[in-house]
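*Asks:* can't give you the sequence, but here's the structure:
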């Protein structure tokens with residue numbers, strides 16, 4: 001097991017290194033931030049001075065080496081727009097995005113897992129068919145449209161919940177205050193809709209696959225309580241694909257919450273990266289993309305560890 005995890009760790013480092021090259025080159029061949037950040041009335045000498053201050057006068061390969069050196073120290077350079085370290089600008093917005101993603105994932109797990117388990121155990125019931133029909137709607141409805149309908153219904157028509165912002169915060173978190181929690185409900189529900197449907201359908205498919213296995217039939221033939229059969233024999237064996245989806249989808253919630261944050265005016269990283277792309281703020285874009293790379297690599301590594309804990313066959317393969 002230890003050898004397998006060390007091998008995965010080395011692979012993860014190679015992936016991160018390869019992505020540094022892809023991200024840096026991809027971002028730096030897009031446009032010229034000088035054309036956006038500098039007054040066009042400035043003369044050539046003043047433009048050259050600004051480019052030198054931003055480090056844009058160096059060859060691309062030298063900029064990449066400087067980027068790698070800074071990356072080793074956690075330094076992505078200063079933001080062209082904010083004039084502060086790019087990583088610090090992103091970390092200021094991280095708690096908002098992280099809070100929204102965690103809330104959405106908790107909703108998706110709490111709602112999707114039990115409903116999927118129920119629909120898989122009792123597929124012929126009318127309630128199960130209604131649950132699966134609802135999951136299709138969760139897949140089909142566009143996130144931006146659902147968000148606008150949430151605002152129209154719950155904020156404009158009923159006036160129950162606020163339509164934008166984070167509200168009052170306690171430290172870096174809004175869910176610790178009543179006003180902040182009210183601001184969190186609508187964007188979290190909107191972001192969780194697709195993930196809930198995904199976990200629900202995956203859980204249902206896993207239940208129907210596991211329930212036909214011989215060890216489940218044997219457990220029931222022994223006279224075990226149905227609750228023990230479901231929790232110990234069925235749920236544990238279907239959790240491997242579910243854990244994979246939960247891990248990867250949590251990363252996607254953080255990386256791709258742009259639409260929800262824009263609709264609800266949520267001051268997170270998604271809104272920041274859109275503004276940075278419009279202004280060609282390269283250090284912020286690169287820092288954000290590298291954070292997402294590290295996030296997904298780390299999540300995959302954690303999922304590998306969860307595999308070894310959930311499935312003894314993985315541990316045996318590692319020993320082999």
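*Replies:* Alright, I've got the coordinates. Just so we're clear, the structure is a prediction, and the values are computed from it rather than from any experiment. Numbering: from 1, shown residues only.
*Asks:* Tell me which residues of stretch 141-156 come out buried.
*Replies:* Residues 143, 146, 147, 150, 151, 154, 155 are the ones in stretch 141-156 that count as buried (16 or more other C-beta atoms under 10 Å). (Each C-beta comes from the backbone N, C-alpha and C, glycine too.)
*Asks:* Just send the residues you listed back as JSON lines, with secondary structure and distance to residue 220 too.
*Replies:* What follows is the buried residues of stretch 141-156, written out as JSON lines (DSSP: H, G, I helix; E, B strand; the rest coil; distance: C-beta to C-beta, whole Å):
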{"residue": "143", "secondary structure": "helix", "distance to residue 220": "41"}
{"residue": "146", "secondary structure": "helix", "distance to residue 220": "41"}
{"residue": "147", "secondary structure": "helix", "distance to residue 220": "45"}
{"residue": "150", "secondary structure": "helix", "distance to residue 220": "43"}
{"residue": "151", "secondary structure": "helix", "distance to residue 220": "49"}
{"residue": "154", "secondary structure": "helix", "distance to residue 220": "45"}
{"residue": "155", "secondary structure": "helix", "distance to residue 220": "49"}
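*Asks:* longest helix anywhere in the chain?
*Replies:* helix 86-121 (DSSP state H).
*Asks:* got the angle between the helix or strand that that one is followed by and helix 86-121?
*Replies:* Using DSSP states H and E, the helix or strand that directly follows helix 86-121 along the chain is helix 126-140. Put simply, helix 126-140 runs at 150 degrees to helix 86-121, going by axes from the mean of the first three to the mean of the last three C-alpha atoms, to 10 degrees.
*Asks:* Next, count neighbours for the residue nearest to residue 74 when sequence neighbours are not counted.
*Replies:* Closest residue to residue 74 apart from its sequence neighbours, by C-beta to C-beta, 6 or more residues apart in numbering: residue 87 at 6.4 Å. By other C-beta atoms under 10 Å, the residues close to residue 87 number 23.
*Asks:* OK, contacts around residue 87?
*Replies:* Contacts for residue 87 (C-beta atoms under 8 Å, 6 or more residues apart in numbering) come out as 74, 75, 76, 287.
*Asks:* any idea how far it is from residue 284?
*Replies:* 9 Å (C-beta to C-beta, to the nearest Å).
*Asks:* Over to residue 183?
*Replies:* 25 Å.
*Asks:* So those two - more neighbours on which side?
*Replies:* Neighbours per residue, other C-beta under 10 Å: of residue 183 and residue 284, the larger number sits with residue 284, 29 against 25.
*Asks:* so what pLDDT did that one get?
*Replies:* If you check residue 284, the pLDDT there is 86.
*Asks:* That one: what's it in contact with?
*Replies:* 79, 80, 81, 82, 86, 89, 90, 272, 273, 276 are the contacts of residue 284 under C-beta under 8 Å, 6+ apart.
*Asks:* Which of those fall in helices?
*Replies:* Using DSSP H, those in helices are 86, 89, 90, 272, 273, 276.
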